[in-house]
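A.B. asks: need a structure here:
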Amino acid sequence: MKKKPLIFISHSSKNKDQVAKIADLLRSINLSPRRDIFCSSLPGYGIPNGANIFDFLRERFLNYDLHIIFVHSPEYYESPVSLNEMGAAWVLRANATSLLLPGFDFSGMKGVIGSACIAIKLDGDRPEVKDRLNQLRRELESEFDISDNEDIIWEEARDKFIREINGDVSTPKENVGIVSVSITEEMKQLLKKVAAVPEGQILIDSDLESGTYIQIGSEVVAKEYPDRREYAVWEEALNACLQAKYIERKSEAICVITNAGYKAAE
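C.D. replies: Reported below is the predicted structural model:
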């Protein structure tokens, strides 16, 4: 019999406020407290009144198909309970995602889930953080067989989460100005290609042969395989254009050139 999926948020109780924001983000893709998400520090997500904590946790580890979200912080590594959860997850070979709270670096990751593991650094490059959170969303929707979520609801929740977890004080409306950056030759080349196609769109997609690829009009300008180095150049140019507001993201797969982008391409 197939086990039910369950998200287990492994964290330090000292990071409860940040963890609450993570739980809110998960709820935006129609995951429910306690039924789909277990988090011992949050009301409605944790251990029911009267339950034995150790028996309850053991039952979750044995009887559910766990996806463990590790919330890495200095406080996490000071908690014996958190480190025990990490060890149990490693023994069970559970699916796992690592989130690094703002201010915590990859070099601080220790134990069986160390710095060699893929992780999302929440105060990292914003386009990269968004992309990695989008990947997490798709992974969880697949595990929980969710197919009816609206992209716009997720994107608003994701962007709000990134702002709040990083303590941004500006609102989206206050932060719409063009970022002053120097345009590299690669950025200019990308913008000229996008400006030349009538729809002004960039498609970011993936397949088994190419990995992730970047397509402008009918031309695939870069693909992850077999030349990762060439792809990285285009990816960096795209991220820089997104940051400078020359290009804006309309969905996970589609970006469009802005008026500022057309001007920069001239």
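
A.B. asks: Any regions of the stretch 1-150 of the chain where pLDDT drops low?
C.D. replies: 48-51, 53-54, 112-118 (pLDDT under 70).

A.B. asks: where exactly do the helices run in it?
C.D. replies: Per DSSP state H, counting those that start in this stretch, the stretch 1-150 of the chain carries helices over the ranges 16-27, 53-63, 80-92, 126-143.

A.B. asks: and what of the stretch 151-266 of the chain?
C.D. replies: Using DSSP H, counting those that start in this stretch, helices in the stretch 151-266 of the chain cover 151-165, 185-196, 228-243, 259-265.

A.B. asks: list the helices and strands the third one packs on?
C.D. replies: Just to be clear, that refers to helix 228-243. If contacts are counted by 3 or more C-beta pairs under 8 Å, 6 or more residues apart in numbering; DSSP states H and E, helix 228-243 sits against helix 126-143, helix 185-196, strand 211-216, strand 219-223, strand 247-249. (Each C-beta comes from the backbone N, C-alpha and C, glycine too.)

A.B. asks: before we move on, what about the last one?
C.D. replies: Using 3+ C-beta pairs under 8 Å, 6+ apart as the contact definition, the elements that helix 259-265 packs against are helix 185-196.

A.B. asks: and the helix it packs on with strand 211-216, angle?
C.D. replies: 60 degrees (axes from the mean of the first three to the mean of the last three C-alpha atoms, to 10 degrees).

A.B. asks: now the helices and strands packed on helix 228-243 as JSON lines including distance to residue 35 and mean neighbour count?
C.D. replies: Formatted as JSON lines, the helices and strands packed on helix 228-243 follow (distance: least, C-beta to C-beta, whole Å; neighbours: other C-beta atoms under 10 Å):
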{"stretch": "helix 126-143", "distance to residue 35": "14", "mean neighbour count": "17"}
{"stretch": "helix 185-196", "distance to residue 35": "44", "mean neighbour count": "18"}
{"stretch": "strand 211-216", "distance to residue 35": "33", "mean neighbour count": "18"}
{"stretch": "strand 219-223", "distance to residue 35": "40", "mean neighbour count": "17"}
{"stretch": "strand 247-249", "distance to residue 35": "32", "mean neighbour count": "20"}
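
A.B. asks: Pipe the ones you listed into a markdown table and attach distance to residue 87 per row.
C.D. replies: Shown next, in a markdown table, are these (distance: least, C-beta to C-beta, whole Å):
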| stretch | distance to residue 87 |
| --- | --- |
| helix 126-143 | 23 |
| helix 185-196 | 44 |
| strand 211-216 | 33 |
| strand 219-223 | 39 |
| strand 247-249 | 38 |
